[in-house]
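**Q** Here is my input, please return the structure:
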Amino acid sequence: MAQVLDIVALRSLIAVADHGGFHRAARALLVSQSTVSLHVRRLEKVIGRPAVEPDGRRSRFTPDGLLLLDEARRIVGVHDSALGRLAAEAERVLVVGSTEHAADRILPVLAAAAREVHPGCQVRFRVDRSARLREAVERGAVDLAVLLAGPGRGDGRASGSLPLRWYAAPGWQRPVGGGPLPLVAVEEPCTIRHRALRVLAEHGIAAGVVCDAAYLAGVLDAARAGLGLALLATAGACPDGLVEVPGLPPVPAAPLAALAGRGSDPRLAAAAVRAVRQLLAGPGPVRAGLAPAREPSRSGS
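**A** Below is the predicted model:
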């Protein structure tokens, strides 16, 4: 078996040099002088030559000892730096955010991506509207967020898209007499709200928002209560308590963007984009919602 330079023994050798002798080294290391001597002798046995020899009442390093001392400082320095980086990585907390839409499917893959890039890190989550997530990323409160993005230029990375479909409570009926179509939507600013109103207007269908909600949960509650239609971004099954409403104009899928904080590890954003695209490209109805990569822009929901 190959010889090994023990880290503890190397620390004792360094202490002898830094403190001017075995006795002072022992006091600094909080061990006995005999322990320090044993450590140095162990190193001498490994290299096969004396490292420290008596010089009157003191000790001095031999030429071989000076070479060993240089290597000892280098080895211990690298060892301590590695431990420091590993400890910092283990204690690091990454905050990842997701748009409310399909968060139940997006968050698990974001967590896996974060731990793939930074094994052992703690992951915290934030589910919010896209506008609020973008603000949190910009001020450094969130490391990475996957959010809804509107058409146009932006600073995120395209990550696939979510299908947009019309939903309502079971048995919901359109207004009698051809009145405006009642909609429930997230309050301004909201990309999906804008899309719903624009698409209906393009098809000559009168519509108006009868219920504003601060968050997606409020939209779902209002739709389940039968207050009106909701245009929702989904990634799989129909939302509980709702049914898809046929016969309405199709709406283009909502693109997703991965937005990373300033100075964040670029590998994190790359892993997140890869994971979300793979999720959305999987088998099932979500695949139809994929759209060509677009440049995202600021959005509200």
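**Q** Show me the strands in the stretch 51-200 of the chain, by range?
**A** 52-55, 58-61, 93-99, 122-128, 144-148, 157-168, 181-186 (DSSP state E, counting those that start in this stretch).
**Q** Now do the helices in the stretch 201-301 of the chain.
**A** Remark: helices assigned in the stretch 201-301 of the chain by DSSP state H, counting those that start in this stretch are 216-224, 266-280.
**Q** so which of those gets nearest residue 144?
**A** helix 266-280 (5.5 Å; CB to CB). C-betas here are computed from N, CA, C, even on glycine.
**Q** Go ahead and confirm residue 20 touches residue 58.
**A** Yes. Applying CB atoms under 8 Å, one finds residue 20 in contact with residue 58, separated by 7.5 Å.
**Q** And these two? Which one has more around it.
**A** residue 20 (12 against 9; other CB atoms under 10 Å).
**Q** For that one, report the pLDDT, please.
**A** For residue 20, the model assigns a pLDDT of 86.
**Q** Phi, psi for it please.
**A** Dihedral angles of residue 20 (phi, psi; degrees, to the nearest 10) stand at phi 80, psi 30.
**Q** shaky segments in the stretch 51-200 of the chain?
**A** 85-91, 150-155 (pLDDT under 70).
**Q** do that again at 80, thanks
**A** Low-confidence segments of the stretch 51-200 of the chain, defined by pLDDT under 80: 55-57, 83-93, 119-121, 150-156, 175-179.
**Q** so how far is residue 195 from residue 165?
**A** 12 Å (CB to CB, to the nearest Å).
**Q** Between these two, which contacts overlap?
**A** 231, 251 (CB atoms under 8 Å, 6 or more residues apart in numbering).
**Q** Mean pLDDT lowest where, among the helices of the stretch 201-301 of the chain?
**A** helix 266-280 (a mean of 87).
**Q** What is that helix packed up against?
**A** Applying 3 or more CB pairs under 8 Å, 6 or more residues apart in numbering; DSSP states H and E, one finds that helix 266-280 contacts helix 103-117, strand 144-148, strand 157-168, strand 251-260.
**Q** Contacts for it, please.
**A** Here helix 266-280 has contacts from 94, 96, 105-106, 109-110, 112-114, 116-118, 143-144, 146, 157-162, 235, 256, 258, 260, 286-287, 289-290, using CB under 8 Å, 6+ apart.
**Q** Generate a ChimeraX selection restricted to the buried entries among those.
**A** Those of these that count as buried under 16 or more other CB atoms under 10 Å are selected in ChimeraX with:
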select :94,96,105,106,109,110,113,114,117,118,143,144,146,157,158,159,160,161,162,235,256,258,260,286,289,290
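**Q** Domain ranges for this structure, per the record?
**A** 7-90, 91-159+254-289, 163-252 (automatic domain parsing).
**Q** Could you single out the most deeply buried of those domains?
**A** Neighbour counts (mean count of other CB atoms under 10 Å) averaged over each of those peak at domain 91-159+254-289, with a mean of 19.
**Q** next one: that domain to chain centre, how far?
**A** Put simply, domain 91-159+254-289 sits 7 Å off its chain's centre (CA atoms, centre = their mean, to the nearest Å).
**Q** now residue 61: how far from residue 93?
**A** 45 Å.
**Q** Residue 266 too?
**A** From residue 266 to residue 93 the distance is 19 Å (CB to CB).
**Q** Can you redo the helices and strands packed on helix 266-280 as JSON lines, where the extra columns are distance to residue 278?
**A** Below are the helices and strands packed on helix 266-280 laid out as JSON lines (distance: least, CB to CB, whole Å):
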{"stretch": "helix 103-117", "distance to residue 278": "8"}
{"stretch": "strand 144-148", "distance to residue 278": "13"}
{"stretch": "strand 157-168", "distance to residue 278": "9"}
{"stretch": "strand 251-260", "distance to residue 278": "13"}
